[in-house]
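Colleague: Sequence and predicted structure are below.
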Amino acid sequence: LVSDLRFLARSRVVPIRGVDEPQLTDRLSAAVGDGWTTRHEKVVSAILGGREVSEFQARSAERLLTSVGSRGGTCVTAGTGAGKTLAFYLPALTHALSVPGRSGTPRIVAIYPRIELLRDQLVGLLGTVADLDAQGAGRLRVGVLYGATPHDRNDAVRNRHRGWRKTADGLSTPIVTCPKEACGGELIWPNGDVDGRLLCCVTCGFELDSLVFTRDALASKPPEILFTTTEMVNRLLGVSRMRHLLIGDPNSSPDFILLDEIHTYSGTHGAQVANLIRRWRSEMSSPSHVVGLSATLADPVGFFSQLI
């Protein structure tokens, strides 16, 4: 029962974006030092596309680019719509495209607490990856692993719980829609593609070949970026043919683990996730740097330190 109801409407306040690209690259070059290259500058320029960033995004980029290989963590907090996602992916993608990594180990593992949030963020990142490739900044493959990810085409056809739908041209995916701006059309796994290398938009004709969307393909050739959930992490750590997606190999581990909406990891569920993260990182040859994002934490330092 509701005894009282109050409504408050006010304009959203977001940080001023006053750090331009030359200023940012100067700051990042100074922070990274001798490791900074023209490749870094090209990728940063391609990601920003002339946009300015806010001070917290610039500080996040400085922090993360100098934290690769460190076993600690970084918590980024800002209001909804302030640009926390860019604050992480700007430095993470810059590093992945500028510094060669070991083949067979994802550079970034992104964990999302809700499937709809995962799908939304995945569409946005696929658009960014396509733009970077088109500008010659480099090519990245993005993998997705949760309940709708089939083992292979037969599994997508036969297992109705995966959510793939038959059409005249192939199988309609429940995972993502077209990442092209202002499209959002349905993506089809064409009939002629048995191995799962392509999704085609029925609206604009865009061909998406950067998404790894079958478990067999993920296991045989891990992508540079993996989107998944805590439930899948818990399962995969016990699956010998898949666990390398999370922990890498004896010589390398993912550079970053992203935990989005970390305020949802509270109470009993939060304690379980904290134990999972510690078990996961303990099995890595070199523990990944963990990055947490949230808009609603009163004590981000204390909360995040207990979580990781």
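Modeller: Right, received. Where do you want to start? What you see is a predicted model, and the numbers here were worked out from it, not measured in a lab. Numbering: from 1, shown residues only.

Colleague: Wait, a strand at residue 32?
Modeller: No - looking at residue 32 with DSSP: H, G, I helix; E, B strand; the rest coil, it is helix, so not inside a strand.

Colleague: Hmm, it is touching residue 66, no?
Modeller: Yes - with contacts counted by CB atoms under 8 Å, residue 32 reaches residue 66, the gap being 6.4 Å. (Glycine included, C-beta is placed from N, CA and C.)

Colleague: which one of these two has more residues nearby?
Modeller: Applying other CB atoms under 10 Å to residue 32 and residue 66 shows that residue 32 carries more neighbours, namely 20 against 15.

Colleague: got the contact list for the more buried one?
Modeller: If a contact means CB atoms under 8 Å, 6 or more residues apart in numbering, then residue 32 has 40, 65-66 as its contacts.

Colleague: Could you do residue 254 as well?
Modeller: Residue 254 neighbours (CB under 8 Å, 6+ apart): 105-109, 246, 248, 284, 288.

Colleague: That one and residue 242, how far apart?
Modeller: 14 Å (CB to CB, to the nearest Å).

Colleague: ok, now residue 105?
Modeller: Residue 105 is 13 Å from residue 242, where distance means CB to CB.

Colleague: same thing with residue 98?
Modeller: Distance, residue 98 to residue 242, using CB to CB: 28 Å.

Colleague: Tell me which of those two has more neighbours.
Modeller: Taking neighbours as other CB under 10 Å, residue 98 and residue 242 compare with residue 98 leading, 21 against 17.

Colleague: tell me the strands in the stretch 151-300 of the chain, going along the chain?
Modeller: Along the stretch 151-300 of the chain, the segments classed as strands by DSSP state E, counting those that start in this stretch run 165-166, 170-172, 187-190, 199-201, 207-208, 211-212, 225-228, 256-259, 289-294.

Colleague: List the contacts of residue 24.
Modeller: 44, 48, 53, 58, 61.

Colleague: And what about the fourth one, helix, strand or coil?
Modeller: Here residue 58 is recorded as helix under three-state DSSP.

Colleague: you'd agree it is up against residue 27?
Modeller: Yes - if you go by CB under 8 Å, residue 58 and residue 27 touch, sitting 6.1 Å apart.

Colleague: So which of these two has more stuff around it?
Modeller: Applying other CB under 10 Å to residue 58 and residue 27 shows that residue 58 carries more neighbours, namely 22 against 15.

Colleague: For residue 38, see how far away that one is.
Modeller: Taking CB to CB as the measure, residue 58 falls 20 Å from residue 38.
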